[in-house]
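Chemist: Here is my input, please return the structure:
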Amino acid sequence: MYTPRRRAKHAKKSSGPMHRLRLLIILCVVVIAGLTFGYIFAAYQSLPTVGNNMRPAVSSQVFDIHGRLVTTLHSDQNRLPIDINKVPQHLQNAFIAAEDNRFYDHIGIDPIGIGRAIVTNITSGGIAQGGSTITQQLAKNAFLSQEQTLKRKIQEAMLALEIERKYSKKEILEMYMNQIYFGQGAYGIQTAARTYFDKDVDQLNLKQCAMLAGLPKSPNYYSPFNNLEEAKKRTNTVLDQMVKYGYISQDECTEAKNADLELTQMKQTDDNADTASFVDYVSQLVASKYGDDALYKEGLKIYTTMDLEKQRAAAEALRQLPDNYKDENGLTQPQGALVSIDPRNGHILAMVGGRGQDSFNRATMAVRQPGSAFKPFVYMTALQHDMSPYSTMEDKAISYGSWSPQNSDMTFRGKISLADALALSVNTVAVQLADEVGPSNIIANVKKMGITTMEKDDDNLAMALGGLTRGVTPLEMASAYGTFANRGVHVKPVAIVKILDRNGNVLENESTLNQDKNKTQVMSEKEAYEMTYMLEGVIDHGTGTGAAIGRPAAGKTGTTDNNVDAWFVGYTPTIVTAVWIGDDSGSHSLGEVYGGTIPAAIWRDYMTVATQDESYEGFAIPAGMEPIAPPPKEEPKPKADDKKDAAKDKGQKSREPTAQNDESSDAGERAAEERAVQQAARNNKEE
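Modeler: Just a heads-up that it's a prediction; the model follows:
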């Protein structure tokens with residue numbers, strides 16, 4: 001017997017099927033290990049850098065002049081971050097009990113939780129449970145998509161380990177609570193507290209803490225606004241978990257379960273309708289300077305000049321507009337606008353740019369014909385040319401080429417003072433004044449007063465009656481009239497007082513700006529007072545008696561061709577307000593609506609509220625100037641169509657018994673203006 005033969009037989013056996021199977025198994029293990037390593041390496045290679053996205057988008061906040069929150073501005077995520085030190089301990093504990101009871105023990109991933117999830121997923125035949133820790137959820141929400149894939153889970157675990165390495169548990173919990181979604185459009189715990197309870201987080205009770213902690217599992221399903229009973233069940237589950245892990249006693253749990261959730265009323269989508277125009281205007285200003293990302297994602301705090309009470313009063317006053325018809329866009333017509341300014345500093349107190357859910361802000365964007373509301377600029381220029389309120393002009397037939405401007409009743413009064421001519425809106429006097437002082441001088445004044453829409457072609461006499469190439473905006477009309485109220489000094493409109501970034505750093509502050517560059521001395525104090533005196537007559541006994549508010553006020557009506565536009569612009573010593581109404585198309589007549597009817601009533605109703613906390617004071621007489629007193633004179637002849645104005649102001653009592661007899665019809669203004677504009681178009685610059 002030879003040993004080598006046996007070795008040969010043994011060698012042959014080792015090269016059989018079992019040997020090949022072992023080799024195959026080893027090869028499979030190597031391949032699987034390689035693929036696994038490659039897959040993990042690929043996941044690692046595309047891993048985001050921790051820290052780059054740990055500052056989530058934060059909503060900006062808009063406040064009124066008194067520091068009251070008006071609204072929040074955000075893109076797709078409405079989030080207001082909160083410092084962890086302001087979060088109640090009950091709320092922190094509720095999240096840990098509900099989401100990750102081993103949060104303070106693991107290193108970002110929890111092997112026990114992962115093992116439990118793997119078993120559940122295998123038995124269910126898919127990915128039914130994630131086993132994610134709070135840190136993993138933060139990683140997923142901050143860096144990754146919501147897809148349920150193996151690669152995403154590997155990346156989630158890697159990021160969680162890195163986050164735990166870079167941040168403390170307290171910081172991680174803070175970032176998590178500020179990052180996650182709570183339903184109803186609320187991101188972060190502070191926004192959620194306001195959404196569901198109209199509270200800040202530090203005011204939440206135990207039951208409210210438990211309810212919020214239960215939402216992240218399924219925000220829409222467990223939202224009490226969507227499914228109150230399921231929300232209560234989930235809240236009770238969280239409370240039981242808090243007992244289980246020793247965060248509260250059984251007695252505290254029972255008491256909380258029996259307490260009322262005290263939910264706030266679910267807010268309607270049009271809650272901010274009253275402030276929408278002002279907020280849109282401010283948003284455009286901020287975005288143009290800092291960009292859309294800063295406005296919607298960087299948590300700016302924007303302090304505006306808006307006074308919420310006045311803003312609401314403005315919106316309420318504008319609701320007087322009649323509902324005539326719906327246009328092709330579904331908007332109710334006519335539309336309107338109201339803008340109110342403090343003439344002393346240019347602060348915009350209120351702004352309503354229309355009614356209905358459209359983005360067109362008529363207070364700032366609607367350029368419309370002003371009608372006779374433009375006449376005060378003619379008269380102020382006359383005052384600068386050594387005239388006075390009781391300088392006299394001849395109300396007579398006049399002609400400029402083929403154009404012969406007429407008064408409403410086609411008659412003339414003869415000799416009349418400037419004060420009476422303005423109060424009664426005598427067309428022939430306005431045109432003669434414009435001819436005497438020069439249209440170019442009027443335009444120069446108007447530009448100094450903040451009106452930017454004047455054109456070269458406006459240098460003609462039709463401008464005296466408000467016939468302009470383009471027109472004016474309500475904001476600029478209010479700003480211009482503010483020059484009269486502010487003793488001849490024009491102050492540019494201001495809507496923003498201060499802006500802070502998310503860290504509280506001041507980006508801009510009105511008090512630190514050069515205020516003088518926003519001011520222009522357009523006329524003397526004496527001239528401004530004389531102008532105000534004449535405009536008081538409009539409300540006292542002229543076309544604007546419907547605007548009387550029981551305190552000193554001045555203003556002017558305006559109605560354009562075919563009653564397409566109707567205005568009232570007026571002021572007290574501290575508030576100037578412009579009201580415009582008209583059809584958006586610029587072609588539909590308002591019918592029997594004139595500047596002294598609905599616009600004056602809207603102005604009156606708003607100003608009554610806006611001035612209720614103001615001291616009752618008249619317009620200050622400049623130092624060294626005597627009160628203006630009319631010289632002895634005959635009363636001007638009443639106009640034949642005064643009854644029209646009496647009818648339009650039905651229900652309104654004049655402050656003087658004879659006021660109705662002195663009124664000038666806005667219908668007459670409109671008719672004369674129509675003729676003036678038509679003639680001027682045919683006889684361009686005949687003056």
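
Chemist: domain parsing for the protein?
Modeler: Annotated domains of the chain cover 80-258, 313-682 [automatic domain parsing].

Chemist: Rebuild the ones you listed as a markdown table, extending it with mean pLDDT, distance to residue 295 and mean neighbour count.
Modeler: Just so you know, the C-beta spots here come from the backbone N, C-alpha and C atoms, and that holds for glycine as well. Putting those into a markdown table (pLDDT from 0 to 100; distance: least, Cβ to Cβ, whole Å; neighbours: other Cβ atoms under 10 Å) gives the following:
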| stretch | mean pLDDT | distance to residue 295 | mean neighbour count |
| --- | --- | --- | --- |
| domain 80-258 | 87 | 15 | 18 |
| domain 313-682 | 86 | 10 | 20 |
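
Chemist: how about those in JSON lines, adding distance to residue 63?
Modeler: JSON lines is the format used below for the domains of the chain (distance: least, Cβ to Cβ, whole Å):
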{"stretch": "domain 80-258", "distance to residue 63": "13"}
{"stretch": "domain 313-682", "distance to residue 63": "9"}
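
Chemist: of all these, which lies closest to residue 279?
Modeler: With Cβ to Cβ, the closest approach to residue 279 among the domains of the chain belongs to domain 313-682: 9.4 Å.

Chemist: Could you look up the SS state of residue 434?
Modeler: At residue 434 the chain is in helix, as set by DSSP: H, G, I helix; E, B strand; the rest coil.

Chemist: List the residues that contact it.
Modeler: Residue 434 makes contacts with 378, 442, 461, 463-464, 687, as judged by Cβ atoms under 8 Å, 6 or more residues apart in numbering.

Chemist: now, which of those residues sits nearest residue 583?
Modeler: residue 463 (23.4 Å).

Chemist: Surely that closest one and residue 440 touch.
Modeler: No - using Cβ atoms under 8 Å, residue 463 makes no contact with residue 440, being 10.1 Å away.

Chemist: Please, where are all the helices along the stretch 451-600 of the chain?
Modeler: With DSSP state H, counting those that start in this stretch as the criterion, the stretch 451-600 of the chain has helices at 474-485, 525-541, 598-610.

Chemist: Throw those helices into JSON lines and include distance to residue 356, thanks.
Modeler: Listed next are these as JSON lines, based on distance: least, Cβ to Cβ, whole Å:
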{"stretch": "helix 474-485", "distance to residue 356": "17"}
{"stretch": "helix 525-541", "distance to residue 356": "31"}
{"stretch": "helix 598-610", "distance to residue 356": "17"}
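
Chemist: mind checking which of those helices is nearest residue 416?
Modeler: Nearest to residue 416, of all the helices of the stretch 451-600 of the chain, is helix 525-541, at 12.4 Å by Cβ to Cβ.

Chemist: tell me what the closest one is packed against?
Modeler: Where contact means 3 or more Cβ pairs under 8 Å, 6 or more residues apart in numbering; DSSP states H and E, helix 525-541 is packed against helix 375-383, helix 418-423, helix 474-485, strand 554-559, helix 659-662.

Chemist: go again using 10 Å as the cut-off
Modeler: Counting contacts by 3 or more Cβ pairs under 10 Å, 6 or more residues apart in numbering; DSSP states H and E, helix 525-541 packs against helix 375-383, helix 418-423, helix 474-485, strand 554-559, strand 565-571, helix 598-610, helix 659-662.

Chemist: Export only the CA atoms of the fifth one, formatted as PDB.
Modeler: Extracted in PDB, the C-alpha atoms of strand 565-571 (Å, rounded to 0.1, in the frame of the first residue of the first chain):
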ATOM      1  CA  ASP A 565     -63.500 109.100 -11.600                       C
ATOM      2  CA  ALA A 566     -64.600 110.700  -8.300                       C
ATOM      3  CA  TRP A 567     -62.300 112.100  -5.700                       C
ATOM      4  CA  PHE A 568     -62.200 113.700  -2.300                       C
ATOM      5  CA  VAL A 569     -58.800 114.700  -0.900                       C
ATOM      6  CA  GLY A 570     -58.700 116.500   2.500                       C
ATOM      7  CA  TYR A 571     -56.900 117.000   5.700                       C
END
